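# Everything below, folded, please.
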Amino acid sequence: PEEKLNLDDSQWEDIHVVTGALKMFFRELPEPLFPYCFFEQFVEAIKIQDNATRIKAVKTLVKKLPRPNYDTMKVLFEHLKKIAAKESVNLMSTQSLGIVFGPTLLRPEKETGNMAVHMLYQNQIVELMLSEYSKIFGS
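As a prediction, the model looks like this:
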């Protein structure tokens, strides 16, 4: 049976609980939202120097994702964009959201010695997808 979630329950009043639950959901998936086989391709795309070419490369990769991943990503990033738009109130910039969600949404299948480098790219990919949402997810 499907478990019903009562969001009026007092435990959900603290926004950190809700955010923690969302991050945990994505962290507990058998495979990250950005599938493992796409990790290196996204890293290569974010390394592209020319901004327009970088956006185009990320958009191309996003379009290749399995449909459930794409649909979930589109809704999630649309939501995160709304959070970033209220940065003056919640102090969550696209950069902060990249730091928080980058390692949760995309990571290599095998952890290697260059984790710090990966983290930088993970953050940058999320940041780019937020700042260029309309270009990446637009028609």
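# CA atoms for contacts and neighbours, from now on please.
Will do.
# quick one: low-confidence parts of the protein?
Scanning the chain for pLDDT under 70 picks out 1-2, 5, 7, 11-12.
# So residue 108: helix, strand or coil?
Following DSSP: H, G, I helix; E, B strand; the rest coil, the label given to residue 108 is coil.
# can I assume it is in contact with residue 42?
No. In this structure residue 108 lies outside contact range of residue 42 using C-alpha atoms under 8 Å: 10.8 Å.
# the more surrounded of the two?
Just comparing residue 108 and residue 42: by other C-alpha atoms under 10 Å the higher neighbour count belongs to residue 42, 21 against 18.
# And the more buried one, how close does it get to residue 136?
Residue 42 sits 13 Å away from residue 136 when distances are taken as C-alpha to C-alpha, to the nearest Å.
# For the two, list the residues in contact with both.
Applying C-alpha atoms under 8 Å, 6 or more residues apart in numbering, one finds that residue 42 and residue 136 are jointly contacted by residue 58.
# Residue 34: helix or strand, and which one exactly?
Assigned by DSSP states H and E, residue 34 falls within no helix or strand.
# what sits against it?
With C-alpha under 8 Å, 6+ apart, residue 34 has these contacts: 65, 69, 105, 106, 107.
# Can you lay out these as JSON lines showing distance to residue 127 and neighbour count?
Output for those, formatted as JSON lines (distance: C-alpha to C-alpha, whole Å; neighbours: other C-alpha atoms under 10 Å):
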{"residue": "65", "distance to residue 127": "19", "neighbour count": "16"}
{"residue": "69", "distance to residue 127": "18", "neighbour count": "16"}
{"residue": "105", "distance to residue 127": "12", "neighbour count": "21"}
{"residue": "106", "distance to residue 127": "13", "neighbour count": "27"}
{"residue": "107", "distance to residue 127": "15", "neighbour count": "23"}
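# Residue 84: which of those is nearest?
For the contacts of residue 34, the residue nearest residue 84 by C-alpha to C-alpha is residue 105; the value is 17.2 Å.
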